[in-house]
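> Give the three-dimensional model of this entry:
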Amino acid sequence: MNKIITLTVNPAIDKSTTVAGIKPNSKLRCNVPVYEPGGGGINVSRVIQELGGNSICMYMAGGPTGTQLQNQLTALNIVQQVIPISGWVRENLAVTDTKNNAQYRFGMPGPVVKDSEWRSALKQLDTVLSENDFLVASGSLCLGMPIDFFAQISKIAKKNKAKYILDTSGEALIKGANEGVYLLKPNLGELATLCGIEKISYVELESIAKDFIKNNPCEILVISMGPQGAMIVANNEVNHIKAPIVFQKSTIGAGDSMVAGMVLALAQGKSIREMATYGVACGTAATMTAGTELCKKKDVEELNKWILENS
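Presented below is the predicted three-dimensional model:
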């Protein structure tokens, strides 16, 4: 199996807790928080590990929170390559109100990254990639990084003949996708951004998705539709994977779990439909866990079996 490399340039320590009622101007007594390593690519590596696979987890980190992040990933036996920076790794916070099961998510912007630091990330990536490796660049950019950073990664992936999976948003997504990727996993809003339109309805989704993959350097397009599952466009075929109905505890990490399932399935030689089915199972399973927890292998296997039997 070819290597899977994940890259996270803006990782985080994800802190989650619960409180019985949220109201302003009051001291709210929270329960003991849970601290977990986070950030798009790091979450992908964590899920791959949970599913029995392996990856090389590359990320930029600095400060005491960077040391904490490294220790957490070491405890999970995840292979790491740290790109040192002077700024501290950010901390995110998720608070669930137990009175109504509403979740409040506070995402921090991350550190300012120096020119020499992000260039070091590109150089390190260039030395790691080999032909037919899978590279997952996922998450947001840090302050100080060029908006075309993911497009620069695309050039490195093409040079090394690696398969590039990009999962980000906004202008960074547009520039990265325009340069070329192997697989994209936008939601409806992100696909609309890529297509330069305000919004996309389910009625017109298939035709828009076909036009996009026809006119852009992308081999596989997977549109994430949350509880409605996903639509896959590849090889002139369109498939719709239905998601099972489950009791959702948190949607944090569902997209990252989906990407992890898909890239692991591809690395194992699965078909595109099998890949998408496994990805939907992983994304759905992630919503069954509380706070910042990701999917569990047992839930994934049960959901994947259900999807295959009911598709």
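> CA only for contacts and neighbour counts going forward, please
Will do.
> Please read off the pLDDT at M1 from the model.
The model reports M1 with a pLDDT of 65.
> Count the residues that sit near I220.
18 (other Cα atoms under 10 Å).
> can you check M108 too?
Neighbours of M108 (other Cα under 10 Å): 12.
> right, and K114 touches A121 too?
No: judged on Cα atoms under 8 Å, K114 makes no contact with A121 at a distance of 11.1 Å.
> So between the two, which is more surrounded?
Legend: neighbour count by other Cα under 10 Å for K114 and A121, higher for A121 (21 against 16).
> ok, the more buried one touching I83?
Yes: the pair A121 / I83 is scored as a contact, 6.2 Å apart, by Cα under 8 Å.
> Quick check: neighbours shared by those two?
M60 (Cα atoms under 8 Å, 6 or more residues apart in numbering).
> okay but N92 is in contact with D14, surely?
Yes: in terms of Cα under 8 Å, N92 counts as a neighbour of D14; the distance is 4.9 Å.
> Where do the helices of the stretch 1-150 of the chain begin and end?
Counting by DSSP state H, counting those that start in this stretch, residue ranges of the helices within the stretch 1-150 of the chain are 40-50, 63-75, 115-128, 149-159.
> Columns mean pLDDT and distance to V203 on top of those helices, output as a markdown table?
Supplementary listing: these in a markdown table, determined by pLDDT from 0 to 100; distance: least, Cα to Cα, whole Å:
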| stretch | mean pLDDT | distance to V203 |
| --- | --- | --- |
| helix 40-50 | 96 | 30 |
| helix 63-75 | 97 | 43 |
| helix 115-128 | 97 | 40 |
| helix 149-159 | 97 | 31 |
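> Output the ones you listed in JSON lines, with distance to G139 appended to each entry.
Converted to JSON lines, the helices of the stretch 1-150 of the chain look like this (distance: least, Cα to Cα, whole Å):
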{"stretch": "helix 40-50", "distance to G139": "4"}
{"stretch": "helix 63-75", "distance to G139": "16"}
{"stretch": "helix 115-128", "distance to G139": "15"}
{"stretch": "helix 149-159", "distance to G139": "10"}
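> most packed of these?
Of the helices of the stretch 1-150 of the chain, the one with the most neighbours on average (mean count of other Cα atoms under 10 Å) is helix 40-50, at a mean of 26.
> so what secondary structure elements neighbour that one?
strand 4-8, strand 56-61, strand 134-138, helix 254-267 (3 or more Cα pairs under 8 Å, 6 or more residues apart in numbering; DSSP states H and E).
> run the last query once more with 7 Å
Under the contact criterion of 3 or more Cα pairs under 7 Å, 6 or more residues apart in numbering; DSSP states H and E, helix 40-50 touches strand 4-8, strand 134-138, helix 254-267.
> Could you dump those into TSV with mean neighbour count and distance to G279 added?
As requested, the helices and strands packed on helix 40-50 are exported to TSV (neighbours: other Cα atoms under 10 Å; distance: least, Cα to Cα, whole Å):
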stretch	mean neighbour count	distance to G279
strand 4-8	26	16
strand 134-138	26	14
helix 254-267	26	4
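> Tell me who's in contact with the one residue sitting closest to the centre of the chain.
Per Cα atoms, centre = their mean, the C-alpha nearest to the average position across the chain is that of D256, at 3.1 Å. Contacts for D256 (Cα atoms under 7 Å, 6 or more residues apart in numbering) come out as 40, 43-44.
> For I197, state which of those is nearest.
Closest to I197 out of the contacts of D256 is G40 (25.7 Å), distances taken as Cα to Cα.
> if I pick that closest one, what's in contact with it?
8, 138-139, 256.
> ok, back up a step: quick one: which of the helices of the stretch 1-150 of the chain is nearest S224?
Nearest to S224, of all those, is helix 40-50, at 15.5 Å by Cα to Cα.
> Run a quick neighbour tally on C282.
32.
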